[in-house]
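**Q** structure for this input, please:
(one chain, ligands or ions: 3)
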Amino acid sequence: MKKIKLTVIPGDGIGSEVMPHALDILDVIGEIHGGLDFEYEHFDYGCDYYLKHGKMMADDGMEHLAESDSILLGAVGDASKVPDHISLWGLLLKIRQEFELAINVRPAKVFRGIDSPLSAPEDFDLVVVRENSEGEYSSVGGRMYRGDDEIAIQNNVFSKRATKQAMEYAFKLSAGRSHHVTSATKSNGIFHAMPFWDEVFSETSAQYEGIRTSQQHIDALAASLVTHPQRYDTIVASNLFGDILTDIGAAIMGSIGIAPSANLNLNDKSPSMFEPVHGSAPDIAGRGIANPIGQIWTVKMLLDHHGEEEMGSMLLNTMESVTADGILTPDVGGGASTDEVAGEVIKRLKRKM
Ligand code: NAD
Ligand code: IPM
Ligand code: MN
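**A** Ligands and ions are numbered 1, 2, ... in the order given. From the prediction side, this is the model:
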């Protein structure tokens, strides 16, 4: 029996509404597989934990998480309780940066049964490889002076090692896709790190024969992703550019509620983390209408990561069969609840047992 030890952090808002379904699905998949067993350790880290303990996670939280094979996360953030910069640096970004989850893989594609806001999204199939450990998300900087003299400084940190690692990952990924990597840049003289980014990109591309490359300024790229989504196969982007592009990718699919992401540690030194692209959605939390597809798709990415691609594909196909039959939450134009959509995925998976 193959055992996969998971730590589970549902987090805030809709995180705790979609997470239980992901775990039920993992259990069913374990049964279908016959030789796969998931063991869970649950952590109630999030904004309520902060209100009780004055911190986002226990002092030995990272040590506990480090003992697992992978982490499943829902969403973090509830600004009505804790300012976002405290909750995010104390949990989500802490895990990404301290575990060196340097690569963030975020797929987006046409999903059967879900309408895109674009009139012709056919064949849209994108993956964004986002540098996930540094760049614009550095803690170097701060606020100085007070009153009218106050200034805020944010230093971007781009290391050759992390930049190259993200780019190499994108080239390798694209070799199994449409052999085309686009670099999201902004090298028109404004942003010192970007000429450096471009140099590392051309150095990396020279190592990979047979992969077509393009470079586009982030602003033009954002526009072109909307007008010509099929032009893109694999995009490599810095932390902030990748964050923004992946919400656009999710929007092209039809909703931010569908998109998944994998935060990977390539050295296997620490567990990788799987989380939807969306946040805690305070505007719909508690109403039972959150789209569970993003969180369920993270289960597919987790299965792939642990070498269970066959199970991962089966899950993706089952999810698409549910959406294709019009069983949809309100964000994608349906009238079904979170429980109904996820319950239908589970029902159809069970038929495969
Ligand atoms: P958000 O993703 O939570 O919500 C944006 C919009 O998308 C909202 O209208 C919301 O209702 C909708 N939405 C999101 N997920 C949905 C789903 N599964 N089903 C249906 N609709 C969905 O982004 P935000 O409003 O910018 O942020 C809210 C909080 O979440 C903030 O505290 C933010 O910092 C945090 N956040 C956390 C993560 C994370 O933990 N990975 C990601 C993004 C935002
Ligand atoms: C995401 C989120 C996070 C990010 C926030 C909540 C820090 O938007 O995972 O896309 O910017 O990376
Ligand atoms: Mn984001």
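
**Q** list the helices and strands the biggest strand by length in the chain packs on?
**A** Ranked by number of residues, the top strand in the chain under DSSP state E is strand 2-11. Under the contact criterion of 3 or more CB pairs under 8 Å, 6 or more residues apart in numbering; DSSP states H and E, strand 2-11 touches helix 15-33, strand 36-42, strand 70-75. The C-beta positions use only the backbone N, C-alpha and C, and glycine is treated the same way.

**Q** tell me which parts of the protein are close to ligand 1?
**A** 14, 75-77, 79, 84, 88, 92, 256-257, 275, 278-284, 290-291, 294, 329, 331 (CB under 6 Å from any ligand atom).

**Q** quick one: the strands in the stretch 251-353 of the chain, in order.
**A** 260-264, 272-276 (DSSP state E, counting those that start in this stretch).

**Q** okay, those, which one's buried deepest?
**A** Highest mean neighbour count of these: strand 272-276, a mean of 26 (counted as mean count of other CB atoms under 10 Å).

**Q** work out which residue lies at the spatial centre of the chain.
**A** Closest residue to the average C-alpha location of the chain: residue 261 at 2.3 Å, with CA atoms, centre = their mean.

**Q** how far off centre is stretch 152-166?
**A** Distance of stretch 152-166 from its chain centroid, counting by CA atoms, centre = their mean, to the nearest Å, is 19 Å.

**Q** and it, is it in reach of ligand 2?
**A** No: residues of stretch 152-166 are not located near ligand 2 by CB under 6 Å from any ligand atom, the shortest gap being 13.7 Å.

**Q** run me through the strand neighbours of the helix or strand of the chain with the lowest mean pLDDT, direction for each.
**A** In the chain, the helix or strand scored least confidently by mean pLDDT, DSSP states H and E is strand 141-144, which has a mean of 92. Using DSSP bridges, strand 141-144 pairs in its sheet with strand 151-154 (antiparallel).

**Q** name the next helix or strand downstream of the partner strand, please.
**A** helix 160-175 (DSSP states H and E).

**Q** that following helix packs against which elements?
**A** Contact analysis of helix 160-175 by 3+ CB pairs under 8 Å, 6+ apart lists strand 103-109, strand 125-131, strand 180-185, helix 193-205, strand 234-237 as its packing neighbours.

**Q** what angle do that helix and strand 260-264 make?
**A** Angle of helix 160-175 versus strand 260-264, following axes from the mean of the first three to the mean of the last three CA atoms, to 10 degrees, is 130 degrees.

**Q** how far off centre is helix 160-175?
**A** Relative to the centre of its chain, helix 160-175 is centred 17 Å away, using CA atoms, centre = their mean.

**Q** all further residue positions should be reported with the first residue as 48.
**A** Okay, using 48 as the starting number, the last item reads as helix 207-222.

**Q** spit out the contact partners of the residue of the stretch 98-247 of the chain found nearest ligand 2.
**A** Scanning the stretch 98-247 of the chain for proximity to ligand 2 using CB to the nearest ligand atom identifies residue 135 as nearest, at 4.5 Å. Residues counted as contacts of residue 135 (CB atoms under 8 Å, 6 or more residues apart in numbering) are 123, 124.

**Q** tell me the secondary structure for it?
**A** helix (DSSP: H, G, I helix; E, B strand; the rest coil).

**Q** now do the same for it: its pLDDT.
**A** Note on residue 135: pLDDT of 98.

**Q** one more: residue 63?
**A** Looking at residue 63, its pLDDT is 98.

**Q** what sits closest to it if chain neighbours are left out?
**A** Distances taken as CB to CB, 6 or more residues apart in numbering place residue 57 nearest to residue 63, at 4.0 Å, with adjacent residues excluded.

**Q** who's in contact with the one you found?
**A** Contacts of residue 57 by CB under 8 Å, 6+ apart are 63, 66, 67, 89, 91, 93, 121.

**Q** and if you look at residue 257?
**A** The neighbourhood of residue 257, defined by CB under 8 Å, 6+ apart, consists of 222, 226.

**Q** need phi/psi at it.
**A** phi 80, psi 10 (degrees, to the nearest 10).

**Q** how much space separates it from residue 218?
**A** Remark: distance between residue 257 and residue 218 (CB to CB, to the nearest Å) = 10 Å.

**Q** can you count the residues close to the residue nearest to residue 387 when sequence neighbours are not counted?
**A** Excluding the flanking residues, the one nearest residue 387 by CB to CB, 6+ apart is residue 374, at 6.6 Å. Residue 374 has 19 neighbours, counted by other CB atoms under 10 Å.

**Q** please apply the same query to the one 4 residues further on.
**A** Under the neighbour criterion other CB under 10 Å, residue 378 is assigned a count of 19.

**Q** so, in contact with ligand 2 or not, the longest strand of the chain?
**A** No: residues of strand 49-58 are not located near ligand 2 by CB under 6 Å from any ligand atom, the shortest gap being 10.5 Å.

**Q** number of residues surrounding residue 161?
**A** Neighbour count of residue 161, defined by other CB under 10 Å: 23.

**Q** could you do residue 84 as well?
**A** Look at residue 84: counted by other CB under 10 Å, it has 15 neighbours.

**Q** what sits against it?
**A** The neighbourhood of residue 84, defined by CB under 8 Å, 6+ apart, consists of 48, 49, 50, 51, 77.
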